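S.K.: predicted coordinates and the sequence they were generated for:
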Amino acid sequence: MSDTTFFVAAVAAVIFKNGRILAMKRSMKKDAGPGLWETLSGRIDAGEEPLDAMRREIKEECNLEVEIDARPVTVYQASRKGKPMILVIYRAKYLSGEVELSEEHDEYAWLTPDEFAQASTLDKLVTAVYEATNSL
């Protein structure tokens, strides 16, 4: 790996409500992954702690009240627009509120893990959803 290789750092939350997870469909206007079904996610800002980034992203993208497990479920490498990306996956429990979509997503749905697996093409994220489910 060269000294000029930089990783994008991101977080994602598997938010559970009554045995279902919050799935978000990326806006068709997004530059990366338009139309993909994912869990709530976002990049970590420079100097920001991953858990703080997760709290911020949940507030910005859906505005739900959740309880985030501070221990990540898993961490894995993916790519975003051809650049390497590290994703830290957290589990969260829905507490209250209604989903308020930001401009980053066109739709949302509360899906079972199997329904999410059918909707999403992000294999490593699907695996992480199952890991989060199995460790409840």
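M.R.: Looks like it arrived, so ask away. Numbering: from 1, shown residues only.
S.K.: and the strands in this structure?
M.R.: Secondary structure of the chain (DSSP state E): strands at 8-17, 20-26, 37-38, 40-43, 65-68, 74-80, 83-96, 105-111.
S.K.: in the lowest-mean-pLDDT helix or strand in the chain, which residues are buried?
M.R.: Least confident element among the helices and strands of the chain, by mean pLDDT, DSSP states H and E: strand 74-80 (a mean of 90). By neighbour count on 16 or more other CB atoms under 10 Å, the buried set for strand 74-80 is residue 74. C-beta here means a position set from N, CA and C on the backbone, and glycine is covered the same way.
S.K.: who does that strand pair up with?
M.R.: Note on strand 74-80: by DSSP bridges, its sheet partners are strand 83-96 (antiparallel).
S.K.: how about residue 128: what's its closest non-neighbour residue?
M.R.: Once flanking residues are discounted, residue 128 sits nearest to residue 89: 4.4 Å by CB to CB, 6 or more residues apart in numbering.
S.K.: show me what contacts that neighbour?
M.R.: Contacts for residue 89 (CB atoms under 8 Å, 6 or more residues apart in numbering) come out as 11-14, 39, 72-76, 125, 128, 131-132.
S.K.: quick one: residues contacting the closest residue to residue 28 other than its chain neighbours.
M.R.: Computed as CB to CB, 6+ apart, the closest residue to residue 28 that is not its neighbour in sequence is residue 34, at 4.8 Å. By CB under 8 Å, 6+ apart, the residues touching residue 34 are 26, 27, 28.
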